[in-house]
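Participant: Sequence plus predicted model, see below.
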Amino acid sequence: MFCSWLRTILFSIFLLATVTVTAADWPQWRGPNRDGKVADERVPTTWPKALKEEWKVTVGIGHSSPVVANQRIYVFARQGEEEVLLCLDAISGRELWRSRQAIAYEMNPAAREHGKGPKSTPLVTQDNVYTLGITGILSCLDAKTGTVKWRREFSQQYPATSPLYGTAMSPLIDGDLIIVHVGGHDKGALTAFNAETGAVKWANEIDGPAYSSPIVTTLAGIKQVVTVTQKNFVGVEAATGELLWRMPAKTSYDTNSVTPLVYKDTLILSTEEQGLIAIRLVKNGSQLVPQQVWSNKEIELYLNTPVVQDNMLFGFSVRQRGQFFSVDADTGKIIWRSQGRSGENAAILNLGGKALLLLTNDANLIVQPVAATSFVPVAQYTVATSPTWAHPVFLGNRILVKDETTLASLRIS
């Protein structure tokens, strides 16, 4: 009896130690710093021939990525005519709670193959989890219980509450503010809400929303929210929402979808059909003026956002029917490119500056060394039997992969 009890205690201690060492919070779109970088993780020096499936849970359709906080996984998906937020135990995949809301939605015919969402990734804080549904409904729920704390919808303010192909931007937190671009095609507002009450702190009706997600950063000495709207690149003062600068970002079909990336004192941006650019904000009296540092017309981003390590930018271009690339982030010059025909899209994570984790939309998971001077994957895995548009989550010794309807935990070692 005593030996059995002792074995149970020792196993529990081992399990807890494993969780503490290998699991880290990934609480929002593109991770803790919103830059796609996994820090302080044990990245394998060698990769196995195959990944072992630990568990798989049916969660629903949608491109929303899973997030992880406090040993819980939050997944936002559609089941039938409901948007459902699921909270799962991070180790076992066991459901802890679910919150559901009836949301009828009709897709634009041009985006019907992508399903009725949701596409926006949740945001988790210590106490709350925030979701932005495909119709533009913003919700705050208790992270421990799933109880709705507040909910906002915007049909009384705007003719449309989501852009043409459905809401896709992911909420941003800055201190006690939740920042979301609400509204729809041609009319909306980048808006800051009190995180606990949902009250509006500020709103800037500069433009309708796009499909890109905002970031908060300090450039030219000013803390600002930078995002891509339906027709512009913009920066607004983080405390007040006052417009600081703007640049045209008009595309043929109003499909801006790439999250801005900060590199040193520059912003790296991309729009469909117009290539990749880097800009620097320069003070001219009381004004901030964006100045182009470099451009690269050979690289075109769409639906995915690059990562940076040292002076190297890694991404996925839609040219050549899908092409991985590395460019010099100081000059925009190409370092290497893969052959092409790699897929429609790829989600990219920087594993502690050692390797890139690349997940294509056709479930091909690729490990590429950061220091390589060409595209030379050290491992490739087929991780699902249906499309994988959501970003994976790397948890040290395992990877979470969301496919068309399920979430799986795949063990590395």
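Facilitator: All right, it came through fine.
Participant: pLDDT weak spots in the stretch 1-150 of the chain?
Facilitator: Screening the stretch 1-150 of the chain residue by residue with the criterion pLDDT under 70, one finds the ranges 1-23, 40.
Participant: What segments of it are strands?
Facilitator: Here the stretch 1-150 of the chain has its strands, by DSSP state E, counting those that start in this stretch, at 37-38, 52-58, 67-69, 72-79, 82-89, 95-102, 123-124, 128-132, 138-142, 148-152.
Participant: the inter-axis angle of the fifth one versus strand 138-142?
Facilitator: Okay, so that is strand 82-89. Here strand 82-89 points in a direction 30 degrees away from that of strand 138-142 (axes from the mean of the first three to the mean of the last three C-alpha atoms, to 10 degrees).
Participant: For strand 82-89, name the packing helices and strands.
Facilitator: Secondary-structure packing of strand 82-89 (3 or more C-beta pairs under 8 Å, 6 or more residues apart in numbering; DSSP states H and E): strand 72-79, strand 95-102, strand 128-132. Quick note: C-beta positions are derived from backbone N, CA and C, even for glycine.
Participant: The same query, at a cut-off of 6 Å, please.
Facilitator: Under the contact criterion of 3 or more C-beta pairs under 6 Å, 6 or more residues apart in numbering; DSSP states H and E, strand 82-89 touches strand 72-79, strand 95-102.
Participant: Same check on the fourth one?
Facilitator: Contacting strand 72-79 under the criterion 3+ C-beta pairs under 6 Å, 6+ apart are the following elements: strand 82-89.
Participant: Dig out what the nearest residue to Thr266 once chain neighbours are set aside forms beta bridges with.
Facilitator: Taking C-beta to C-beta, 6 or more residues apart in numbering as the measure, Thr266 lies nearest to Ala278, with 4.7 Å between them; neighbours along the chain are not counted. On the basis of DSSP bridges, Ala278 is bridged to Ile268, Trp294.
Participant: My guess is Ala278 contacts Val293. True?
Facilitator: Yes. Using C-beta atoms under 6 Å as the test, Ala278 is close enough to Val293 to be in contact (4.3 Å).
Participant: The two: which has the busier surroundings?
Facilitator: For Ala278 and Val293, the more surrounded residue by other C-beta atoms under 10 Å is Ala278, and the numbers stand at 23 against 19.
Participant: dump the residue contacts of that one.
Facilitator: When contacts are counted by C-beta atoms under 6 Å, 6 or more residues apart in numbering, Ala278 touches Thr266, Ile268, Val293, Trp294.
Participant: again with Asp25
Facilitator: Val68, Ala69.
Participant: any low-confidence regions in the stretch 301-413 of the chain?
Facilitator: For the stretch 301-413 of the chain, applying pLDDT under 70 flags no range at all.
Participant: coming back round to it: select from the contacts of Ala278 the one having the most neighbours.
Facilitator: Each of the contacts of Ala278 was scored by neighbour count (other C-beta under 10 Å); the top score is that of Ile268, with 24 neighbours.
Participant: State the distance from that residue to Gln292.
Facilitator: 11 Å (C-beta to C-beta, to the nearest Å).
Participant: Ok, Arg280 next?
Facilitator: In this structure, Arg280 and Gln292 are 8 Å apart, going by C-beta to C-beta.
Participant: same question, Tyr165
Facilitator: According to C-beta to C-beta, Tyr165 and Gln292 sit 29 Å apart.
Participant: And for Arg100?
Facilitator: Taking C-beta to C-beta as the measure, Arg100 falls 47 Å from Gln292.
Participant: Just confirm Phe325 contacts Ser317, I think it does.
Facilitator: Yes. With contact defined as C-beta under 6 Å, Phe325 and Ser317 form a contacting pair (5.5 Å).
Participant: who's more crowded, those two?
Facilitator: With other C-beta under 10 Å as the criterion, Phe325 and Ser317 differ in neighbour count, and Ser317 comes out ahead with 28 against 23.
Participant: coming back round to it: identify whichever of the helices and strands packed on strand 82-89 lies nearest to Thr131.
Facilitator: Between Thr131 and those, the shortest gap by C-beta to C-beta is with strand 72-79, which sits at 5.3 Å.
Participant: got the angle between the closest one and strand 128-132?
Facilitator: When the same axes, to 10 degrees is applied, the directions of strand 72-79 and strand 128-132 differ by 30 degrees.
Participant: Give me the residues contacting strand 72-79.
Facilitator: Judged by C-beta under 6 Å, 6+ apart, the contacts made with strand 72-79 from elsewhere in the structure are 59-62, 64, 66-67, 84-88, 90, 116, 118, 122, 124, 129, 131, 407.
Participant: burial of the nearest residue to Pro159 once chain neighbours are set aside, as a residue count?
Facilitator: Once its chain neighbours are removed from consideration, Pro159 has its nearest residue in Lys187; the separation is 6.3 Å (C-beta to C-beta, 6+ apart). Here the number of neighbours of Lys187 (other C-beta under 10 Å) works out to 15.
Participant: Phi first, then psi, for the closest residue to Pro32 other than its chain neighbours.
Facilitator: Once its chain neighbours are removed from consideration, Pro32 has its nearest residue in Asp25; the separation is 6.5 Å (C-beta to C-beta, 6+ apart). According to degrees, to the nearest 10, the main-chain angles of Asp25 amount to phi -70, psi 140.
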